[in-house]
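A structural model of the following input is requested.
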Amino acid sequence: MSRRTFREARRYLLAALAIETITAPLRALKGRLLVGVGLACMVFFRDPSRTSAREPDTLYAPADGAVVSVDTAQDDWLGGQEALRISTFLAIYDVHVNRSPAPGRIAAAEQTPGGFVPAFLGRARDNHRKRLAIDDGPRRVVLVQYAGMLARRISSWAWLGDRVQAGQRIALIHLGSRADVLVRAGEAEALVDVGERVRAGVTPIARYMGAKT
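Modelled structure (predicted):
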């Protein structure tokens with residue numbers, strides 16, 4: 001757990017401490033809740049350091065987890081054109097720190113309220129979510145982060161106007177969640193298949209057409 005993720009985890013630790021304090025006269029929990037929440041936070045909010053060579057013309061996984069779909073969709077931030085969409089589901093045991101899939105400047109950002117259905121379901125795209133458009137010259141990549149049904153919170157570390165590098169930490173989605181990467185169809189080809197496990201900032205998920213391999 002890094003200092004940054006600890007700041008996010010402490011809300012849960014403080015809640016557990018408050019419950020322990022209130023119920024102390026009953027001698028029911030005896031510190032077990034606080035210890036349990038502390039151990040859970042060490043798992044849920046871990047933030048491993050990762051370094052790997054970044055290849056040009058390549059998009060990287062924004063999150064740890066399993067690829068649940070590789071399909072096409074339309075996105076108004078991509079001119080309403082058909083886009084290649086790669087979706088990753090994060091289970092509660094996965095690292096939940098999200099990383100930028102590409103270098104560039106965050107040219108558009110929005111937060112949209114919504115429901116909180118399980119993130120592995122297709123209708124989770126109507127959940128509470130944050131969306132970023134990352135521009136690198138004429139290229140644009142859209143990243144959509146979806147909250148899950150448990151903590152229902154996304155903490156952002158990069159927002160509108162910021163410059164980011166591929167693999168840079170940009171957010172933390174609390175507990176179970178989902179992340180989509182979209183790029184104009186015909187500009188890039190997918191490098192992953194449904195069911196494949198990926199690691200944020202490490203696993204290449206798409207490469208621009210015509211790029212040298």
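
ok now do residue 182, which residues does it touch?
73, 75, 78, 83-86, 141-144 (C-beta atoms under 8 Å, 6 or more residues apart in numbering). C-beta coordinates here come from the backbone N, C-alpha and C atoms, glycine included.

again, only using 7 Å
Counting by C-beta atoms under 7 Å, 6 or more residues apart in numbering, residue 182 touches 73, 75, 78, 83-85, 142.

ok, now residue 96?
44, 90, 172-174, 177.

out of those, who's nearest residue 194?
When these are ranked by distance to residue 194 (C-beta to C-beta), residue 90 comes first, at 15.5 Å.

Of the contacts of residue 96 - the most surrounded one?
Neighbour counts for those, by other C-beta atoms under 10 Å, peak at residue 177, which reaches 33 neighbours.

What's the separation between that residue and residue 197?
16 Å (C-beta to C-beta, to the nearest Å).

Quickly list the domain ranges of this protein.
Residue ranges for the domains of the chain, per automatic domain parsing: 3-44, 58-208.

Need those in a markdown table (columns: distance to residue 50 and mean pLDDT).
A markdown table is the format used below for the domains of the chain (distance: least, C-beta to C-beta, whole Å; pLDDT from 0 to 100):
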| stretch | distance to residue 50 | mean pLDDT |
| --- | --- | --- |
| domain 3-44 | 14 | 73 |
| domain 58-208 | 5 | 90 |
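
hmm, back to that, among the contacts of residue 182, name the ones in strands.
73, 83-85, 142 (DSSP state E).

Same list, these, but as TSV with neighbour count and distance to residue 186 please.
Formatted as TSV, those follow (neighbours: other C-beta atoms under 10 Å; distance: C-beta to C-beta, whole Å):
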residue	neighbour count	distance to residue 186
73	16	14
83	25	10
84	22	8
85	20	13
142	22	15
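
wait, which of these is closest to residue 99?
Nearest member of the ones in strands among the contacts of residue 182 to residue 99, counting by C-beta to C-beta, is residue 142, at 15.3 Å.

Apart from its chain neighbours, what residue comes closest to that closest one?
residue 182 (4.2 Å; C-beta to C-beta, 6 or more residues apart in numbering).

On the three-state scheme, the one you found is what?
Following DSSP: H, G, I helix; E, B strand; the rest coil, residue 182 is assigned to strand.

What is the helix or strand harbouring residue 18 packed up against?
Using DSSP states H and E, residue 18 sits in helix 3-23. Helix 3-23 makes packing contacts with helix 32-44 when contacts are defined by 3 or more C-beta pairs under 7 Å, 6 or more residues apart in numbering; DSSP states H and E.

what are the pairing partners of the very next helix or strand once past the helix it packs on, and which direction each?
Once the chain leaves helix 32-44, the next helix or strand it forms, by DSSP H and E, is strand 58-60. Here strand 58-60 is paired, per DSSP bridges, with strand 204-208 (antiparallel).

Quick one: the contacts of residue 182 as JSON lines, columns for distance to residue 58 too.
Listed next are these as JSON lines, based on distance: C-beta to C-beta, whole Å:
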{"residue": "73", "distance to residue 58": "21"}
{"residue": "75", "distance to residue 58": "20"}
{"residue": "78", "distance to residue 58": "19"}
{"residue": "83", "distance to residue 58": "17"}
{"residue": "84", "distance to residue 58": "14"}
{"residue": "85", "distance to residue 58": "17"}
{"residue": "142", "distance to residue 58": "17"}
